[in-house]
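In: sharing a sequence plus its predicted fold:
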Amino acid sequence: MAGTNGTIISVNKVRKSYYRDTIEIPVLNNISINVPEGEFLALMGPSGSGKTTLLNLIAGIDRPDEGEVVVGGVNIAALSESELSKWRARHVGFVFQFYNLLPVLTAYENVELPLLLTNLSKKEKHEHVEFALKLVGLSDRMYNKPGQLSGGQEQRVAIARAVVTDPTILVADEPTGDLDKVSAAEIMELLDRLNKEYKKTIVMVTHDPRAAEKAHTVRHLEKGELT
Amino acid sequence: MFRIVIKNALRHVLRSSLTILGIAIAVIAFCLLRTVVTVWYSGIEVSAANRLITRQAVSFIFPLPYAYRDQIGRVDGVEQVSFANWFGGTYIDKKQFFARLAVDHETFFDVYPEFLISPEELQAFKRERNACVVGEDLVKRYGFKIGDIIQIEGDIFPGQWQFVVRGVYKPREPAIDPSNFLFRWDYLDERLRQDSPTRAGYVGWYIVKTKDAAATAQVSQNIDNLFANSRAETKTETERQFQQGFIAAFSAVIDAMNFISFVIIGIIMLVLGNTMIMSSRERTREYAVLKTIGFSGRQLLIMIAGESLLIAALGGLLGLLATFPSITFFQALMPKGFFPVFFIEPITIVLAVTAAILVGVVAAIFPVHRTLRTKIVEGLRFIG
Ligand SMILES: Nc1ncnc2c1ncn2[C@@H]1O[C@H](COP(=O)(O)OP(=O)(O)OP(=O)(O)O)[C@@H](O)[C@H]1O
Ligand SMILES: [Mg+2]
């Protein structure tokens, strides 16, 4: 699964611009970065520096204008839209700043969502969901809807949803950005555990220096360049 | 997946309920309008192909001599001749609508086999001069029984007229008027002979049964030729043409109703389309998240179209269920007997169901298109 020398993510000479009408807004300018398997990487940098953009490229929800993104030996920029969709389902777990849970579904159903795309039996799905919810310490809130949970609990449900399929990499965009200190610390504790105990490769964007402390490596992005 | 569809549909209970209610009301209105339209045309639909109506050439309101009967009977291709006269008159008060006809007791039920009557009652009708036969709907409305005396005040034929009920007919199909009041023409004629002899010996129109349905044009021609240049020229046409001419006067209204019934479908499309567009806009981020997780365009399409169809189907179902009582209610509001035949045709229900499904599909097109087109990164950045 891993590429050469245990590198799991390899970003090579990537450029990315957005266009507002016809005006080009360059965001990433010739970025290269290698992430070894089992890494816990934090991306920091000022607002608008392109952190989210880089994370989206790694996670396969956006495409680079130039360069390649290789994850687990697959050049994802070369995949078709539907291949990419299947690839994401199998290999990437997402954690967003605003949790992005479906408000009509219970915690259990939210965590089950990614499993609906697998061929697991009902029983297996059930076991996976229970395991993931237990991992984030929310076994007792299974049948609550997001509206009945605190921000920290919602984010833990989101983490359970991200890991329930046992993805190759976990990406998190400011996972503590919307939380109070205590909840933020709990979330970082959880990500740390996922990295240490379950050997998850994690790429996390954050503004919070305290959050970045938990990471092995911290990289700074400024004006589209990595430092 | 279907759980998500259902939960999404129920997310805004009030909004969904109002939409469902709107669709239901539109379906009721649609069915009601279509039913009124089909009722107008129902006479045409049951007209027999081998029946001709011979009437006075200038106007339906002028009578024809009784003497024509035998002459028509001798025309090539004619199997049987019957005749009838519009009697009019008032039963109790002017609000009681039902057709009152003087008919030829010997032949009427032969040329109109769709009026079912028992042989015993028919015999009784033929035995007694002032006998009458009433439709089963009149029995329901007024509680008529065999042997009852019915009094009608004449207008075209003035005076008090009394008839004794000797039979009840049943319509063979729902489209046939179950509320005719039929009595013997010879009874009418007999009284005219005494009261106003100049009006005696005339019938309103002849009903001609042909041997061969294919030869009606020729037979019509032969009949009309027979009386060309006589004092009362005739116009013979098929029963269908005759009835079409009769309702042609209302055709603009009917066309308008027809048109409105389809406008209503357009309105429900807008109602549901609006709801679906609002919902999918609000859920832009959620759909982006689902895509991120790996849900395919097809799965999102099923989710959105499923929700749209579910709401449309619930509205359609509710509307159809409410249509039957509404039609009864509507009929009760109308003057009694104004629509002698009133029933929902199966085709109306099929149309309503098809329309509901169509509405569900059409209302989903725009939201589906928008959701599939939106890029994930844009969807995630969307602030609704
Ligand atoms: N879909 C898009 N369309 C147009 N411009 C975009 C789009 N996404 C990002 N941008 C622009 O690209 C630049 C980088 O955005 P990005 O979201 O990657 O920054 P960021 O480092 O994550 O910032 P923040 O810390 O505020 O989240 C910004 O100027 C942003 O306005
Ligand atoms: Mg960002």
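Out: Yep, it's here. Ligands and ions are numbered 1, 2, ... in the order given.

In: can you pull out the helices in chain A?
Out: A:51-59, A:81-91, A:107-112, A:122-135, A:151-163, A:181-198, A:209-213 (DSSP state H).

In: that should have said chain B, apologies.
Out: So, for chain B - with DSSP H - the helices run B:2-9, B:13-46, B:68-73, B:108-111, B:119-127, B:136-142, B:185-195, B:216-226, B:239-248, B:251-282, B:284-293, B:297-333, B:346-373, B:376-381.

In: thinking residue B:351 is in contact with residue B:34, fair?
Out: Yes: if you go by C-beta atoms under 8 Å, residue B:351 and residue B:34 touch, sitting 6.6 Å apart. Every residue, glycine included, has its C-beta placed from N, CA and C.

In: quick one: low-confidence parts of the chain?
Out: With no chain named, the answer covers chain A. A:1-5 (pLDDT under 70).

In: hm, I was asking about chain B
Out: In chain B, residues with pLDDT under 70: B:42-46, B:246-249, B:335-341, B:384.

In: against residue B:90, how distant is residue B:161?
Out: 10 Å (C-beta to C-beta, to the nearest Å).

In: show me which of those two is the more surrounded one.
Out: Neighbour count, other C-beta atoms under 10 Å in any protein chain shown: between residue B:161 and residue B:90, residue B:161 has more, with 20 against 14.

In: quick revisit: which of residue B:351 and residue B:34 has more neighbours?
Out: More neighbours surround residue B:34 than the other of residue B:351 and residue B:34, with 22 against 17 (other C-beta under 10 Å).

In: give me the number of residues near the closest residue to ligand 1 within the stretch 1-150 of chain B?
Out: When distances are taken as C-beta to the nearest ligand atom, the stretch 1-150 of chain B reaches nearest to ligand 1 at residue B:8, 26.0 Å away. Residue B:8: 22 surrounding residues under other C-beta under 10 Å.

In: show me chain B divided up by domain.
Out: As given by automatic domain parsing, the domain ranges for chain B are B:2-43+B:250-381, B:63-231.

In: and chain B, which residues reach chain A?
Out: Listed as neighbours of chain A in chain B under the rule C-beta under 8 Å from any C-beta of the partner chain: B:1, B:3-4, B:7-8, B:10-11, B:285-286, B:289-297, B:375-377, B:380.

In: just the buried ones from the residues you listed?
Out: Those of these that meet the buried threshold are B:4, B:7-8, B:11, B:285-286, B:289-296, B:376-377, B:380, by 16 or more other C-beta atoms under 10 Å in any protein chain shown.

In: ok, the residue of the stretch 151-300 of chain B found nearest ligand 1 - contacts?
Out: Nearest to ligand 1 in the stretch 151-300 of chain B, going by C-beta to the nearest ligand atom, is residue B:288, at a distance of 11.4 Å. Shown in contact with residue B:288 (C-beta atoms under 8 Å, 6 or more residues apart in numbering or on different chains): B:374, B:376, B:378-380, B:382.

In: quick check: closest non-adjacent residue to it.
Out: residue B:379 (2.6 Å; C-beta to C-beta, 6 or more residues apart in numbering or on different chains).

In: do the same with residue A:46
Out: Sequence neighbours aside, residue A:222 is the residue nearest to residue A:46 in space, at 6.7 Å (criterion: C-beta to C-beta, 6+ apart).

In: what is the neighbour count of the one you found?
Out: When neighbours are counted by other C-beta under 10 Å, residue A:222 comes out with 12.

In: same question, the one 4 residues further on
Out: Number of residues near residue A:226 (other C-beta under 10 Å) recorded here: 19.

In: tell me the spacing between it and residue B:382.
Out: When distance is defined by C-beta to C-beta, residue A:226 is 28 Å away from residue B:382.

In: show the contacting residues for residue 187.
Out: Just so you know, I chose chain A. So residue A:187 contacts A:152, A:155-156, A:159, A:175-176, A:179 (C-beta under 8 Å, 6+ apart).

In: that's the wrong chain, I wanted chain B
Out: B:102, B:129-130, B:163.

In: check contacts around residue A:200.
Out: By C-beta under 8 Å, 6+ apart, the neighbours of residue A:200 are A:38, A:93, A:163, A:169-170, A:194.

In: redo those as JSON lines? Include neighbour count.
Out: JSON lines is the format used below for these (neighbours: other C-beta atoms under 10 Å in any protein chain shown):
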{"residue": "A:38", "neighbour count": "16"}
{"residue": "A:93", "neighbour count": "26"}
{"residue": "A:163", "neighbour count": "23"}
{"residue": "A:169", "neighbour count": "21"}
{"residue": "A:170", "neighbour count": "24"}
{"residue": "A:194", "neighbour count": "21"}
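
In: tabulate the residues you listed (a markdown table), appending distance to residue B:72.
Out: Formatted as a markdown table, the contacts of residue A:200 follow (distance: C-beta to C-beta, whole Å):
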| residue | distance to residue B:72 |
| --- | --- |
| A:38 | 105 |
| A:93 | 91 |
| A:163 | 93 |
| A:169 | 96 |
| A:170 | 96 |
| A:194 | 100 |
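
In: smallest gap between chain A and chain B, at which residue?
Out: Of all residues in chain A, residue A:89 sits closest to chain B, at 2.6 Å by C-beta to the nearest C-beta.

In: center of chain A - which residue?
Out: In chain A, the residue lying closest to the centroid (C-alpha atoms, centre = their mean) is residue A:171, at 1.7 Å.

In: give the contact list for the closest residue to that one other than its chain neighbours.
Out: Among residues not flanking residue A:171 along the chain, residue A:59 sits closest, at 4.6 Å (C-beta to C-beta, 6+ apart). Shown in contact with residue A:59 (C-beta under 8 Å, 6+ apart): A:88, A:92, A:94, A:169, A:171, B:292.

In: near chain B, which residues of chain A? Just list them.
Out: With C-beta under 8 Å from any C-beta as the criterion, chain A meets chain B at residues A:56, A:59, A:61-62, A:82, A:85-86, A:88-90, A:94, A:96, A:100, A:102-105, A:109, A:113-114, A:116-117, A:161.

In: and the residues you listed, which are buried?
Out: Using 16+ other C-beta under 10 Å as the burial test, these include A:56, A:59, A:61-62, A:85, A:88-90, A:94, A:96, A:100, A:102, A:104-105, A:109, A:113-114, A:116-117, A:161 as buried.

In: could you list which of those also contact ligand 1?
Out: By C-beta under 6 Å from any ligand atom, no member of those lies near ligand 1.

In: before I go, just wanted to say thanks for your time.
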